[in-house]
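Sharing a model that was predicted from the sequence below.
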Amino acid sequence: MVKWIGAILILAAGTMIGFLQAARFAERPRQLRQLAHALQRLETEIGYGYTPLPEALRRTAGHVPAPVASILSGAAERLLAPEGPAFRECWEESVRSCWPQTAMRSGEQAVLLRLGSALGLSDREDQIKHLRLAMLQLKAEEDAAKDDQARYEKMSKSLGILVAALVVILMV
């Protein structure tokens, strides 16, 4: 009896692990779309609204879900702190501190870090160019993430169940 309960628990745990991994594959393209949307809103705030960068970050963060919103709002809060560091340091610190909460990979992080070194230093038109370049790069990453999702999502679910079944067979 105890052996069967253990087998059921192992099957349930393996299945859950597989489904959690599959969820990460599904989450990555969604978060990349949200990030591209946030950068598009930020471009609008800077380009057409003539909004100062901290306020533009805060407004944009209000229109996107977490964890993308936490990156933007974290940078805005750090930037508004008295005697706060330059925008680049605020941006990098915010990206690095919030990154573990995302399903995104290091390629996307590199795009955001490069963007942070360009924002706030130049004129409006140059910032818009950098935002558009980052959006194009994120679109390429999103396409790759969709391919990964199609390739690995179903496999992760199946692999979780199969590995758990193998462990159960070896136990019995």
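Yes, it's here.

which residues touch residue 78?
By Cβ atoms under 8 Å, 6 or more residues apart in numbering, residue 78 lies in contact with 84, 85, 89, 90, 93, 94. (C-beta placed from N, C-alpha, C; glycine too.)

what about the biggest helix by length in the chain, average pLDDT?
When the chain is parsed with DSSP state H, its longest helix is helix 124-171. The average pLDDT within helix 124-171 is 93.

what does stretch 65-73 give?
94.

What are the contacting residues of that stretch?
31, 34-35, 38, 42, 57-58, 60-62, 64, 94-95, 98, 101-102, 112.

Please point out which parts of it sit buried.
67, 68, 69, 70, 71, 72, 73 (16 or more other Cβ atoms under 10 Å).

The closest residue to the fifth one other than its chain neighbours: which element?
With Cβ to Cβ, 6 or more residues apart in numbering as the measure, residue 98 is the residue that lies nearest to residue 71, at 4.6 Å, once sequence neighbours are left out. Per DSSP states H and E: residue 98 is located in helix 87-98.

Report the buried residues of that helix.
So for helix 87-98, counting by 16+ other Cβ under 10 Å, buried means 87, 90, 91, 92, 94, 95, 98.

got CSV for those residues, with distance to residue 139 and pLDDT too?
Formatted as CSV, the buried residues of helix 87-98 follow (distance: Cβ to Cβ, whole Å; pLDDT from 0 to 100):
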residue, distance to residue 139, pLDDT
87, 24, 88
90, 26, 91
91, 21, 93
92, 23, 94
94, 22, 94
95, 19, 95
98, 21, 94
